[in-house]
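**Q** need a 3D model of the sequence below.
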Amino acid sequence: MVSSTRNTYLPLNEDGFKPNVGPNLLSWAAKHKGLVMFVFLACFASVQLYFFSPYLLETDAGKKLKSQDWIWPAHKSPNLPPADGSKKTDFPLQSDVGPHSFPSALDPSIWGVTHKSLHELYPQGDPHRGEIPADLLQILEVTPQANRPPWPEKAPEITEEMWYHNPWKAETHASKTTFKDAYQAHLQKGEEDWREYPYDGWKPPLEELADQTPLKPLPKVQYNFQDSSKHSGRSNDPKRDELIKRRQRLVKNAFLHAWEGYKKFAWGHDELRPVTKRPQDNFNGWGATIVDALDTLLVMGLPAEYDLARQHVRDVDFRLVGGDRSAYGAADGRIPVFETAIRYLGGFLSAYDLSGDVLMRDRAEELAQLIMPAFDTATGVPVGRIDLMSKEKRPFAPPRSQGSSVLAEAGSLLVEFTRLWQVTGNRTYFDKVQRNTDWFDKNMTQAPGRAGDLFPTTIFPESKSAYGAYSFGGMADSYYEYLIKGYQLLGGKFSQYARMYSKSIDSAQVFLMRNVTTVPGAKLVTIGEFNGGRFTPKLEHLACFSGGMLGLGSRLLSERKEDITFGQHFAESCWWAYNSTLTGIGPESLIFYNPDDHDRFESIDMPDGTQRRGKARGNPIVGVRSAFTSYLNRPETIESVLYMWRITGDEKWQERGWQMFSSWVTHCMTDIGFSSISNVNQVPAQKTDSQESFTFAETFKYYYLLFSPPELVSLDEYIFTTEAHPLLAPKNGRWAEAGKGSMKFWDPTGSEDEIGASSSQTSPIQDPHVPPQGSELYSGGERKRVGGLSNNQKHLLYNRWQQKHAVTLAKRLLENFGAENIKSRLRSFKLLSYGDEGNEYSASSSSSSPSHATSPTENSDTTEVDGGVIESLDDGSRLILGIEDDASVAIRDALKQLGIRTGQDIQVLTEHGQRELLREKLELEERLLAEANGQVYQPLTHHDDLDLETGTDGEVGELYGDQGEFYGEEEDELDTQSMERMEREEEEVVEDEKEKEKERRREIARMNMARFRGKGVI
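**A** Numbers count the residues shown, from 1 in each chain. I've put the predicted structure just below:
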């Protein structure tokens, strides 16, 4: 039977008939059934092996095959030379990574290779060779003068109507346990579990906690230097000591250069934009740079600067969240839990460990208690963002909603909360993060399709599922880092962390670690990205911390001693990524070609019609497929360089670090700080005006320690958090006691917090760490009770309150006194000259006061003049009220509450507002607030109509003021044409301001996009 054309997918021929191939094909297949079945099964098996072989290799049978070298090259770990864990490995120097790496002077084998293009780019010195341009070096040679931050604008008085302050007091809110109770943690009653089945079965590790056997000292991490008190680590090399000591001083001066810029232009704000000299608040508005820099100030021997910073720390009210952005997302009143913990909580704990300053411990515990509701999920895995003002009750019904979580955020609170338990003795903090670890260890391991013991970047704890790329880069990095550091912080008592870390590294060797063979003359390795069964040879800056992590693990775990080999090669590859660019600075990421990529080489068309392989492709280097070329002052590479120096004792790492620092100074240094740049392969570099707080916490600290005596913050005494905050490691078989390290960084004697002053005390006793009360020197803070609001927070609250109540207050004014009465009072307001104290003033002057007072002023006073009153306002300006009666006083007070201070501010009713008042029952819009604060007006919501007396065009003109002078004072009437002209002029000004605001927002958006890419979000 001939089949119909309707039930076939084969094309019809020109005659409309189906080709007669089906029967022949079926006939052939029927005769060769065995061959067909064999081909089908072979294809099927090949597909299965391709997609599932990485997972099969992690089974017991697969591991056995690996140990016997029954493994194909595509998934084999890099073929690297073995390393003797007991000896310093003598690796080839820069020749191992090729001539394109611009080697340092310590490599005599190829020193002298010339690069004419580099000589042309750097006529004053090539930073690739560790040379800093003379003009910049001259700046760094001089230690910047230490100045106090300028007096901020006097903060308004914050009433209970504006903000209810619920002070955290150590006497009532702090843990009732002490440091010594951490040794009896198993005796403490755990927090009652409100969860329901199947989430209520978690048990704390009481067996490990009850073990009273003294902790066994962990293996030594640092290299056995001849003299760890010398800068060179050598016992008798004064020339080398002097060279390294000078470099340390230059790094410190670079830090002070940026620190002084921050103090001058952004004190109390989260960050300084080092090009435009403007502050910005991206991390809750609590002063992230100050807190992130606390331990850096102590390590660099700057106790006076620490005293300034701690006064700001005293002020911050953690319940008030402000800022332009919220970490790398929109500001919505919630805090980013991970970023808040690593920057603020870690910063406080590190400062406490280094100084013994109890203020830091109390602030850390207060913040931790506010963060802890993030763990109130069914699984115990924390959510990413929480509202600190929410008053949710437990048990939740249902528990706190939890969708997806970022791996690094969910798994990177371990070190901070564990150390908080150790210094307070309150096991509740440890239970939170231990339960989280157990969920990853015992529940998430059931997630289908995992790449061995690795996790992808996005997890769904409740469904035990996950998706995304596997890597050690953005969104994953610190989860793995904290496994080995958690093991170290717990003194090796919890083998769970060593097991989880070791299995993760085993899986990374299968799925992520590869040789890079496509870059000519360079022997590179990478820790790339595995996604959807495919490996991408990506070198990500955020993953470059891994060299140090592998080195640390190789010393702490004897079974992983060979990891130092790959750790060093990977650190070298990250350093190569720096020196292979025109600036000498490493990009955010590189993606290399795979050896078997079909497009790796150019294709050449031959005359005979054939094609032949041309030269190898690369952008910007041969063998590199693509690059994300921005640099954000990142610290990960210099972190691994520091670890390699401290672990191996090989001086080449100091030289490589100096090359990196020289390039950073050359291209990122501004007149007030260090800026991010957009393209590491562009000279001169284009600065992108960002200086995140980790620049002070990590980048400067790692460079400084690289050129410091090895005993300073030893890797055997301290554990660095992922934000480079050093925490004391267990000592002599016991948890370390804060402030009792081998070096003394700060003397707490005499501080009001140390001797037990009440946190609610508004007039603290004299403290040698701050200027005397009444001094003209700025202390760095408000000198009020702990948590009583910083200066910036007070202004934020006042502005929010104004926005909320301005219209209501204006309504009340008009309802009580009427438009005519207000107009007569407005005519009598005259702004006097803003001059030095003692200068004469004239009622005819109309100059406006500055936005910031340069010094504190006494309370305002009044003087009668010509039947009126001259009042000295808080900001130094003076205002005349022509008539001192009850109505004038009420209007004056109301206007002051609205923020009316200068002649420009008196312009409270614009043409648009007046026309609305007349045409629509004189409705007063939110423009009042915007103009009172000098901000661009943006319409919000309409308000109820106001019952006001109607007026004439002349009356409207009398209401309109400009710099204290009023149209219509001589009863000149404004006709409709004049009103329209003024309205057009105003609209033009507003449009111009809107365009400026749009451009500012576009610039912020560009920076945030760069941050998203740096975090691996996009």
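**Q** which parts of the stretch 251-400 of the chain are strands?
**A** Listed in chain order, the strands of the stretch 251-400 of the chain (DSSP state E, counting those that start in this stretch) span 271-273, 278-280, 325-326, 329-330, 335-336, 385-386.
**Q** ranking those strands by mean neighbour count, which comes first?
**A** For the strands of the stretch 251-400 of the chain, ranked by mean neighbour count under the definition mean count of other CB atoms under 10 Å, the leader is strand 271-273 at a mean of 26. Glycine gets a C-beta too; all of them are placed from N, C-alpha and C.
**Q** who touches that strand?
**A** For strand 271-273, the surrounding residues in contact (CB atoms under 8 Å, 6 or more residues apart in numbering) are 261-262, 265-266, 278-283, 288-289, 672-673, 689-693.
**Q** which of those residues count as buried?
**A** When those are checked for burial by 16 or more other CB atoms under 10 Å, the buried set is 261-262, 265-266, 279-283, 288-289, 672-673, 689-693.
**Q** residues in contact with the residue nearest to T695 when sequence neighbours are not counted?
**A** Nearest residue to T695, sequence neighbours excluded (CB to CB, 6 or more residues apart in numbering): N633, at 4.4 Å. Taking CB under 8 Å, 6+ apart, we find N633 in contact with 664, 668, 674-676, 690-692, 694-695, 699.
**Q** E161 now?
**A** Contact analysis of E161 by CB under 8 Å, 6+ apart lists W801.
**Q** state the pLDDT value of it.
**A** The predicted structure scores E161 at 83 on the pLDDT scale.
**Q** specify the local secondary structure of it.
**A** Secondary structure for E161, judged by DSSP: H, G, I helix; E, B strand; the rest coil, is coil.
**Q** picking that back up, quick one: the strands of the stretch 251-400 of the chain as JSON lines, columns for distance to Y197 too.
**A** Formatted as JSON lines, the entries for the strands of the stretch 251-400 of the chain read as follows, by distance: least, CB to CB, whole Å:
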{"stretch": "strand 271-273", "distance to Y197": "46"}
{"stretch": "strand 278-280", "distance to Y197": "47"}
{"stretch": "strand 325-326", "distance to Y197": "36"}
{"stretch": "strand 329-330", "distance to Y197": "35"}
{"stretch": "strand 335-336", "distance to Y197": "31"}
{"stretch": "strand 385-386", "distance to Y197": "26"}
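**Q** could you tell me the least trusted of these?
**A** strand 329-330 (a mean of 68).
**Q** W575 reaches R656, doesn't it?
**A** Yes - if you go by CB atoms under 8 Å, W575 and R656 touch, sitting 5.0 Å apart.
**Q** neighbour count: the two, which is higher?
**A** When neighbours are counted by other CB atoms under 10 Å, W575 and R656 differ, and R656 comes out ahead with 31 against 27.
**Q** for that one, what is the enclosing helix or strand?
**A** When elements are assigned from DSSP states H and E, R656 belongs to helix 652-668.
**Q** what are the C-alpha coordinates of that helix, in PDB please?
**A** Taking C-alpha atoms only, helix 652-668 is exported to PDB below (Å, rounded to 0.1, in the frame of the first residue of the first chain):
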ATOM      1  CA  LYS A 652      59.400  36.700  44.600                       C
ATOM      2  CA  TRP A 653      55.900  37.200  46.100                       C
ATOM      3  CA  GLN A 654      56.900  40.500  47.700                       C
ATOM      4  CA  GLU A 655      58.300  41.600  44.400                       C
ATOM      5  CA  ARG A 656      55.100  40.600  42.500                       C
ATOM      6  CA  GLY A 657      53.000  42.400  45.100                       C
ATOM      7  CA  TRP A 658      55.200  45.600  44.700                       C
ATOM      8  CA  GLN A 659      54.600  45.500  41.000                       C
ATOM      9  CA  MET A 660      50.800  45.300  41.600                       C
ATOM     10  CA  PHE A 661      50.900  48.200  44.100                       C
ATOM     11  CA  SER A 662      53.000  50.400  41.700                       C
ATOM     12  CA  SER A 663      50.400  49.800  39.000                       C
ATOM     13  CA  TRP A 664      47.500  50.600  41.400                       C
ATOM     14  CA  VAL A 665      49.100  53.800  42.400                       C
ATOM     15  CA  THR A 666      49.900  54.800  38.900                       C
ATOM     16  CA  HIS A 667      46.400  54.400  37.500                       C
ATOM     17  CA  CYS A 668      43.900  54.600  40.300                       C
END
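**Q** which elements pack onto that helix?
**A** In terms of contacts (3 or more CB pairs under 8 Å, 6 or more residues apart in numbering; DSSP states H and E), helix 652-668 is packed against helix 134-141, helix 238-266, helix 563-579, helix 636-648, helix 700-706.
**Q** got any residues that touch both of W575 and R656?
**A** V641.
**Q** okay, now the unreliable bits of the protein?
**A** 1-31, 46-117, 212, 328-330, 390-401, 446-448, 750-765, 806-994, 996-1018 (pLDDT under 70).
**Q** tell me how far the ends of stretch 614-627 are from each other?
**A** End-to-end distance of stretch 614-627 (CA to CA, to the nearest Å): 22 Å.
**Q** picking that back up, relative to L642, which of the strands of the stretch 251-400 of the chain is closest?
**A** Ranking these by proximity to L642 (CB to CB) places strand 271-273 first, at 24.1 Å.
**Q** so what are the sheet partners of that closest one and their directions?
**A** Strands adjacent to strand 271-273 in the sheet, as given by DSSP bridges, are strand 278-280 (antiparallel).
**Q** need the residues that contact the partner strand.
**A** By CB under 8 Å, 6+ apart, strand 278-280 touches 265-266, 269-273, 324-325.
**Q** out of these, which comes closest to F707?
**A** Within the set of the contacts of strand 278-280, L272 lies nearest F707; the separation is 25.2 Å, counting by CB to CB.
**Q** how about the closest one: what's its closest non-neighbour residue?
**A** Distances taken as CB to CB, 6+ apart place A266 nearest to L272, at 3.8 Å, with adjacent residues excluded.
**Q** for V313, see how far away that neighbour is.
**A** Counting by CB to CB, to the nearest Å, the gap between A266 and V313 amounts to 16 Å.
**Q** list the contacts of S471.
**A** Neighbour list for S471: 457, 512, 527-530, 538, 540, 543, 1016 [criterion: CB under 8 Å, 6+ apart].
**Q** of those, closest to P748?
**A** The shortest approach to P748 among the contacts of S471 belongs to A543, at 39.2 Å (CB to CB).
**Q** what's the neighbour count on that closest one?
**A** A543 has 27 neighbours, counted by other CB under 10 Å.
**Q** the residue nearest to L272 contacts T289, correct?
**A** Yes - at 7.3 Å, A266 counts as touching T289 under the criterion of CB under 8 Å.
**Q** beta partners for I677?
**A** Beta-bridge partners of I677, as defined by DSSP bridges: Y631, K687.
**Q** wait, isn't it in contact with L582?
**A** No - I677 is not in contact with L582 according to CB under 8 Å; the separation is 11.5 Å.
**Q** so these two - more neighbours on which side?
**A** I677 (24 against 19).
**Q** tell me how far that one lies from W163.
**A** For I677 relative to W163 (CB to CB), the value is 40 Å.
**Q** same thing with L715?
**A** If you go by CB to CB, the gap between L715 and W163 works out to 44 Å.
**Q** picking that back up, would CSV of the helices and strands packed on helix 652-668 with distance to P198 be doable?
**A** What follows is those, written out as CSV (distance: least, CB to CB, whole Å):
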stretch, distance to P198
helix 134-141, 60
helix 238-266, 50
helix 563-579, 37
helix 636-648, 39
helix 700-706, 44
